[in-house]
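# Model the following, please.
(2 chains)
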Protein chains: 2
Amino acid sequence: MTKTHVTKTIAFVLYPGLTALDVVGPLQVLSGLAQFDPAYRVVVLAKDTAPLPSDTPLALAASHTFDEIAEADVLVVPGGTEGTLAALADDTLLGWIRHAAAGAEVVGSVCTGSLLLGAAGLLEGRRATSHWAMRHLLERFGAVPVAERWVEDGPFITAAGVAAGIDMALALVERLAGEEMARMVQLWIEYDPQPPLGGIDWDKVDIPSYRPIADGLLASTLAGHPELLARLTA
Amino acid sequence: MTKTHVTKTIAFVLYPGLTALDVVGPLQVLSGLAQFDPAYRVVVLAKDTAPLPSDTPLALAASHTFDEIAEADVLVVPGGTEGTLAALADDTLLGWIRHAAAGAEVVGSVCTGSLLLGAAGLLEGRRATSHWAMRHLLERFGAVPVAERWVEDGPFITAAGVAAGIDMALALVERLAGEEMARMVQLWIEYDPQPPLGGIDWDKVDIPSYRPIADGLLASTLAGHPELLARLTA
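Residues are numbered from 1 along each chain as shown, chains lettered A, B, ... in the order given. Below is the predicted model:
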């Protein structure tokens, strides 16, 4: 088979206040794919290209605007805390996500990015995951929450919280370009994790006890949107 | 013991062309520490606060300039490929790193950030690590290269390539603030890695065979600095 020269566009969505690692984990992985295979190009899209605050002291600037690139083959929506919950009421952003998702082959999310997919009406009846502290909210958008590192359902691939975006993105590279490419990217970014205290012991995490934190974040962030707030906290 | 209110400053160094995940991995971890314990503040420093290109399509903007914050308790220097190798000849940047390191309790690096510490004259006789493809270059700065995920020697804590910065930063949180805090940050960023193809099988990586890539990058990036180039490739 002759190698085609058609470029596939992988687009990341940027908005104010998101979690920096939610974007940069999968972005580093998929930029590795684009570096090794020029059939892919990666872009980062926002309303404009001015630097946006993240949930860290680092500000992040998109490479293109939503107006410049309206279509993508792969769409990745990162999450966060306050910034992402506020974005659940951003109809312009949700409209753009809905439009881009309709034409995409793969629609991915990291962390609470899946709530944005849900708010855009994309996850009805789909199995999906999110950050463990916010996963239950997926039900409010008609999705079926699943406690896995990443979940594939049709065109959707949703990752668990923050760092899970790296695992999800490597799974996506394998799906798009095969195992050898996924291993090459993994080697280049030296993703050979050795958490100093080992993995998370989920038996010791009382997830329902964190519910008031999620409800408090929703209440403070969505105070100006009582209908949406009621839908998420009822 | 009464809790002190003295703020410790954790400073990340930003420069053009660095690897985005080198900064953002440990930045997300240490921003988690600062979020849970107000005795810490995190800043990202560069020559100015205009957005700088990274090795991905995302541009990154510092929170403060080197002039605004000249001292830090913890300093973290991220790495990269071309951008970092070019920075080996940036005397202003190296001078700032040297000055800040002299007053810091901990000096960390990610990936080829350790080469910047070396070029600043800080790693003479120290055990240190770096990205696997560039680790041998540490010797040229008088350091002792070690193939570990992260290496602690005196005030220095150097991490292996890119993603290793997350492991290093969690070890650093444990050192600064204890095991419970490190577990809390790890849980919040859901760092429970599940690489889809497992870890890296180092027996299958012929590291010396990648030497021409490193030499090629050095030759193209440091063409204007023949003395430094000769020191690194001789």
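
# so what's A:Gly108 bridging to?
Note on A:Gly108: beta-bridge partners by DSSP bridges are A:Val76, A:Ile157.

# Next, count neighbours for it.
29 (other C-beta atoms under 10 Å in any protein chain shown). For every residue, glycine as well, the C-beta is placed using N, CA and C.

# My read is that A:Arg149 contacts B:Asp192, right?
Yes - using C-beta atoms under 8 Å, A:Arg149 makes contact with B:Asp192 at a distance of 7.5 Å.

# Mind listing the shared neighbours of the two?
Applying C-beta atoms under 8 Å, 6 or more residues apart in numbering or on different chains, one finds that A:Arg149 and B:Asp192 are jointly contacted by A:160, A:164.

# by contact count, what packs against the lengthiest helix in chain A?
Longest helix of chain A, by residue count under DSSP state H: helix A:20-36. Applying 3 or more C-beta pairs under 8 Å, 6 or more residues apart in numbering or on different chains; DSSP states H and E, one finds that helix A:20-36 contacts strand A:8-13, strand A:40-46, strand A:74-77, helix A:164-177, helix A:179-188, helix B:20-36.

# Can you lay out the ones you listed as JSON lines showing mean pLDDT and mean neighbour count?
Output for the helices and strands packed on helix A:20-36, formatted as JSON lines (pLDDT from 0 to 100; neighbours: other C-beta atoms under 10 Å in any protein chain shown):
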{"stretch": "strand A:8-13", "mean pLDDT": "98", "mean neighbour count": "24"}
{"stretch": "strand A:40-46", "mean pLDDT": "97", "mean neighbour count": "22"}
{"stretch": "strand A:74-77", "mean pLDDT": "98", "mean neighbour count": "28"}
{"stretch": "helix A:164-177", "mean pLDDT": "98", "mean neighbour count": "25"}
{"stretch": "helix A:179-188", "mean pLDDT": "98", "mean neighbour count": "19"}
{"stretch": "helix B:20-36", "mean pLDDT": "98", "mean neighbour count": "27"}
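
# Could you dump the ones you listed into JSON lines and include distance to A:Thr84?
Output for these, formatted as JSON lines (distance: least, C-beta to C-beta, whole Å):
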{"stretch": "strand A:8-13", "distance to A:Thr84": "11"}
{"stretch": "strand A:40-46", "distance to A:Thr84": "14"}
{"stretch": "strand A:74-77", "distance to A:Thr84": "9"}
{"stretch": "helix A:164-177", "distance to A:Thr84": "13"}
{"stretch": "helix A:179-188", "distance to A:Thr84": "26"}
{"stretch": "helix B:20-36", "distance to A:Thr84": "15"}
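
# among these, which is nearest A:Leu27?
strand A:8-13 (5.7 Å; C-beta to C-beta).

# buried stuff in the helix or strand where A:Ile213 lies?
A:Ile213 belongs to helix A:211-221 when assigned by DSSP states H and E. By neighbour count on 16 or more other C-beta atoms under 10 Å in any protein chain shown, the buried set for helix A:211-221 is A:214, A:217-218, A:221.

# cool, stretch A:153-166 as well?
Within stretch A:153-166, the residues scored as buried using 16+ other C-beta under 10 Å are A:155-166.

# picking that back up, the helix holding A:Ile213: how far from the chain's middle?
Centroid separation between helix A:211-221 and its chain, computed with C-alpha atoms, centre = their mean, to the nearest Å, is 20 Å.
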